[in-house]
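Enquirer: Sequence and computational prediction follow.
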Amino acid sequence: MNKKLEKIKEEVTECTNCELSQTRNNSVPGKGNFKSDVIFVGEAPGKNEDMHGEPFIGIAGKKLTIALENAGITRDEVYITNIVKCRPPKNRIPTVTERNTCKNYLRKEIEIIKPKIICILGNTAFNSLLDGKEIIKFRGKIVRKNNQLYFLTIHPAATIYNQKLISVLKKDMKKLFKLIEEIKDGKEIKINIEYTS
Ligand code: URA
């Protein structure tokens, strides 16, 4: 692993910056290939992740793996992390304060990995990173903000309760990895939403 990421992992593991540190079993640092072209960003760890200290290893994680594999990608090839690194009690949505307290970790992960694109998984990441809401209306779209590309898709957990959504997630993953190839080939990318600040 990359030394700088290793350091962040240690910081996350020992973090007591917010109240979630008092109820967690394990904090959950990002995991995966630090040379990845893409970082996947979810909301916060769930029960399984909290037990084992690894992101997306529960049912939602299995759905993500299925959609990645359908696009010919294994989990080891990519980097997966969350907005908030500790499980909120009863899986509630992390508060704005919790997200803000945690955001430096994600900022550093992005700085080190320098992904060609960040894949936003679901509403909490959409809201935290791009101030967006109702991702279902924007999924499949490409966003550029401060020279960083983002790809928007649904949270894999959404496919647990609505089976029809697995085909949506699969379709989006195929689009994402085709897009990454195009970026690498130097092709012009059609940006759907441009943030100016
Ligand atoms: N849901 C998330 O948003 N992140 C995880 O790591 C697991 C489930």
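Expert: That came through fine. Computed from a predicted model, the values in this text were never measured in an experiment. Numbers count the residues shown, from 1 in each chain.
Enquirer: Check which helix or strand the closest residue in space to residue 117 that isn't next to it in sequence maps to.
Expert: Distances taken as Cβ to Cβ, 6 or more residues apart in numbering place residue 149 nearest to residue 117, at 4.4 Å, with adjacent residues excluded. Placement of C-beta: from N, CA and C, glycine included. Per DSSP states H and E: residue 149 is located in strand 148-153.
Enquirer: gap between that strand and the chain center?
Expert: In terms of Cα atoms, centre = their mean, to the nearest Å, the gap separating the centre of strand 148-153 from the centre of its chain is 10 Å.
Enquirer: Going forward, count from 205.
Expert: From this message on, residue numbering opens at 205, which makes the last subject strand 352-357.
Enquirer: thinking again about what came up before, how about the contacts made by the residue nearest to residue 321?
Expert: Counting by Cβ atoms under 8 Å, 6 or more residues apart in numbering, residue 353 touches 320-322, 346-347, 387, 393, 395.
Enquirer: For the buried ones among those, write the corresponding PyMOL selection.
Expert: A single PyMOL command selects the buried members of those (16 or more other Cβ atoms under 10 Å):
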select buried, resi 320+321+322+346+347+387
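Enquirer: Restricted to helices, list the contacts of residue 353.
Expert: Those of the contacts of residue 353 mapping onto helices are residue 387, per DSSP state H.
Enquirer: now the contacts of residue 353 in CSV, with pLDDT?
Expert: Written out in CSV, the entries for those read as follows (pLDDT from 0 to 100):
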residue, pLDDT
320, 98
321, 98
322, 98
346, 98
347, 98
387, 98
393, 96
395, 98
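Enquirer: how far away is the residue most central in space within the chain from residue 323?
Expert: The chain has residue 245 as the residue nearest its centroid, 0.9 Å off, counting by Cα atoms, centre = their mean. For residue 245, the distance to residue 323 under the criterion Cβ to Cβ, to the nearest Å works out to 7 Å.
Enquirer: for residue 306, same thing?
Expert: When distance is defined by Cβ to Cβ, residue 306 is 19 Å away from residue 323.
Enquirer: so what's the residue in the chain that the ligand sits nearest to bridging to?
Expert: Per Cβ to the nearest ligand atom, residue 246 is where the chain lies closest to the ligand, at 2.9 Å. Partner residues in beta bridges with residue 246: residue 286, with DSSP bridges as the criterion.
Enquirer: picking that back up, my guess is the residue nearest to the centre of the chain contacts residue 330, does it?
Expert: No: in terms of Cβ atoms under 8 Å, residue 245 does not count as a neighbour of residue 330; the distance is 9.3 Å.
Enquirer: Spit out the residues that contact these two alike.
Expert: Overlap of the contact sets of residue 245 and residue 330 (by Cβ under 8 Å, 6+ apart) consists of residue 324.
Enquirer: Show me which residues of this protein sit near the ligand.
Expert: Residues of the chain found near the ligand (Cβ under 6 Å from any ligand atom) are 246-250, 253, 259-260, 262, 264-265, 286, 361.
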